[in-house]
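S.K.: Take this sequence and fold it.
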Amino acid sequence: MKQVLSYFSEVRLELSKVTWPKREEVIKLTLIVFLISAFVGFYAGALDYFLTKILEVVIAR
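M.R.: Predicted coordinates for the structure are as follows:
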């Protein structure tokens, strides 16, 4: 039990050393991740759509 308490004490000490990001930075980075994800999703969807149409033309022949 002493080892467990020691472990959590060390965890708490290490977490106190962490430099947490400011709220504005978190919002900015979240927006960047969202925009990149939306772009990649749109790109993958468009690529899938066009490849499907090409495959339909090839199969229809």
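
S.K.: Please identify the helix or strand for E56.
M.R.: helix 23-60 (DSSP states H and E).

S.K.: Tell me the gap between that helix and the middle of its chain.
M.R.: Centroid displacement of helix 23-60 relative to its chain, using Cα atoms, centre = their mean, to the nearest Å, is 14 Å.

S.K.: And it, what's buried?
M.R.: Residues of helix 23-60 include none that count as buried (16 or more other Cβ atoms under 10 Å). The way it works is simple: take the backbone N, C-alpha and C, and place the C-beta from them, glycine included.

S.K.: Tell me the helices and strands packed up against that helix.
M.R.: If contacts are counted by 3 or more Cβ pairs under 8 Å, 6 or more residues apart in numbering; DSSP states H and E, helix 23-60 sits against no helix or strand.

S.K.: Would you mind giving me the confidence score for the residue nearest the centre of the chain?
M.R.: When Cα atoms, centre = their mean is applied to the chain, the residue found nearest the centroid is V33 (6.4 Å). In the prediction, the pLDDT value recorded for V33 is 99.

S.K.: One more: I27?
M.R.: Value listed for I27 in the pLDDT field: 98.

S.K.: and R12, how far is that from V4?
M.R.: Distance, R12 to V4, by Cβ to Cβ, to the nearest Å: 13 Å.

S.K.: Check L31 too.
M.R.: Separation of L31 from V4 (Cβ to Cβ) stands at 40 Å.

S.K.: Over to I27?
M.R.: In terms of Cβ to Cβ, I27 sits 37 Å off from V4.

S.K.: quick one: least confident helix or strand in this structure?
M.R.: Scoring the helices and strands of the chain by mean pLDDT, DSSP states H and E places helix 2-17 at the bottom, with a mean of 94.

S.K.: Just the C-alpha atoms of it, please, in CSV.
M.R.: Extracted C-alpha coordinates of helix 2-17, given in CSV (Å, rounded to 0.1, in the frame of the first residue of the first chain):
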residue,chain,number,x,y,z
LYS,A,2,2.9,2.3,0.7
GLN,A,3,4.2,1.9,-2.8
VAL,A,4,0.8,2.9,-4.3
LEU,A,5,0.7,6.0,-2.2
SER,A,6,4.3,6.9,-3.1
TYR,A,7,3.4,6.4,-6.8
PHE,A,8,0.4,8.8,-6.6
SER,A,9,2.5,11.3,-4.7
GLU,A,10,5.1,11.2,-7.5
VAL,A,11,2.4,11.5,-10.1
ARG,A,12,1.0,14.6,-8.3
LEU,A,13,4.4,16.1,-8.1
GLU,A,14,5.1,15.6,-11.8
LEU,A,15,1.7,17.0,-12.8
SER,A,16,2.5,20.1,-10.8
LYS,A,17,5.5,20.6,-13.1
